[in-house]
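**Q** Structure of the sequence below:
(2 chains)
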Amino acid sequence: MPLIVSAFAAGLLFGLGLIVSQMINPAKVLGFLDIFGNWDPSLALVMGGAVVVSALGYLVAKRHGVPVLAPRLEIPTRRDLDPRLIGGAALFGIGWGLVGLCPGPALVGLTLGPWQVFVFVAAMIVGMAVFRLVPADWPQVTFRREATRVDG
Amino acid sequence: MENFTPVRALIGGLLIGASAALFLVLNGRIAGISGILGGLLHPTRSEIGWRMAFLAGLFVAPLVYVAFGGALPPVALDASLPLLIAAGLIVGFGTRLGGGCTSGHGVCGIGRGSPRSLAATAVFMATAITTVFITRHVIGM
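**A** Residues are numbered from 1 along each chain as shown, chains lettered A, B, ... in the order given. Alright, predicted model coming up:
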């Protein structure tokens, strides 16, 4: 039960942050991404402020060793770059740039937002479901050497 | 730069960071929205509760904000229906393939100095900026 309450509180805080910073407004996000137009640097400050506090949280969590309410920290430990990471990030950026919505603001926008947000979120969930069909080793990048075949 | 709202941006960012910090210190988990939502598509029994609770917090946030006298910012979207669907599909698929979005990679990942998250954030920022450049300044959508 405490796990559920703290997760709710974290979600609420996250949503309030997106509202206060106006990041639930796709026009605002596109204004940041449009660096060659009438640039709005707001999103950089949102991320900067968020990263600093999240880093402090990481230090505290690391020093503590175990979380207050759970048996262990569930933190990704991989450090290598792979085609899935880069390809996925590249795709995400394209979708984000097309409309100005990323998952957090889209979910917050479901409450009291226009109907377009529902369409986006429905499609996003379908996209996530489609990903489940993808084999775990896709995409494989293989560097084929030109075979010098001598068996004729 | 007349649209720049530095004070609201910074306060909002601090709140988002506080959420990520709280979630890590208390629940031991990364506050990555795409991961929290995506995990519900193939949930393990013990995880359904906190995942739903986090999402409920997101959904309730606008109501709480209004209840305390805040004026919600507009959600201005002028994308067409096909574009909304395409963008949603790409964002859903891409964030799962890449293992995170603006929150998981951008806020949490960079906050702990993860090279994967730094790379992912650089890549999605670059493709997003390029996409906006093409749609706004090349084809003039």
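**Q** what number of residues lie near A:Thr111?
**A** A:Thr111 sits with 18 neighbouring residues when counted by other C-beta atoms under 10 Å in any protein chain shown. Just so you know, the C-beta spots here come from the backbone N, C-alpha and C atoms, and that holds for glycine as well.
**Q** And the pLDDT for the closest residue to it other than its chain neighbours?
**A** Counting by C-beta to C-beta, 6 or more residues apart in numbering or on different chains, A:Thr111 lies nearest to B:Pro62, which is 4.6 Å off, once chain neighbours are set aside. pLDDT for B:Pro62: 98.
**Q** Which other helices and strands does the helix or strand harbouring B:Pro62 contact?
**A** Taking DSSP states H and E as the definition, B:Pro62 sits inside helix B:45-67. Counting contacts by 3 or more C-beta pairs under 8 Å, 6 or more residues apart in numbering or on different chains; DSSP states H and E, helix B:45-67 packs against helix A:2-20, helix A:103-109, helix B:33-38.
**Q** Pipe those helices into CSV and attach distance to B:Ala18 per row.
**A** Formatted as CSV, the helices and strands packed on helix B:45-67 follow (distance: least, C-beta to C-beta, whole Å):
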stretch, distance to B:Ala18
helix A:2-20, 6
helix A:103-109, 15
helix B:33-38, 16
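**Q** And those: which comes nearest A:Leu69?
**A** The closest of the helices and strands packed on helix B:45-67 to A:Leu69 is helix A:2-20. By C-beta to C-beta, the value is 5.1 Å.
**Q** Do that closest one and chain B come into contact?
**A** Yes. Residues of helix A:2-20 contacting chain B under C-beta under 8 Å from any C-beta of the partner chain: A:3-20.
**Q** low pLDDT regions in chain B?
**A** Applying pLDDT under 70 to chain B picks out residues B:1.
**Q** give me that answer again for 80
**A** By pLDDT under 80, the weakly predicted segments of chain B are B:1-2, B:141.
**Q** Just the helices from it, written as ranges.
**A** Using DSSP state H, the helices of chain B run over B:6-22, B:33-38, B:45-67, B:81-97, B:110-111, B:115-133.
**Q** for those helices, which one ends up most surrounded?
**A** Among the helices of chain B, ranked by average contacts under mean count of other C-beta atoms under 10 Å in any protein chain shown, first place goes to helix B:33-38 (a mean of 26).
**Q** Distance check, A:Arg72 against chain B.
**A** 6 Å (C-beta to the nearest C-beta, to the nearest Å).
**Q** what's around that residue, how many residues?
**A** Neighbour tally, A:Arg72, other C-beta under 10 Å: 9.
**Q** my read: it touches A:Val66, true?
**A** Yes. Assessed by C-beta atoms under 8 Å, A:Arg72 is found in contact with A:Val66 at 6.1 Å.
**Q** Hmm, A:His64 is touching B:Leu26, no?
**A** No. Contact criterion C-beta under 8 Å: A:His64 and B:Leu26 do not qualify, at 10.3 Å.
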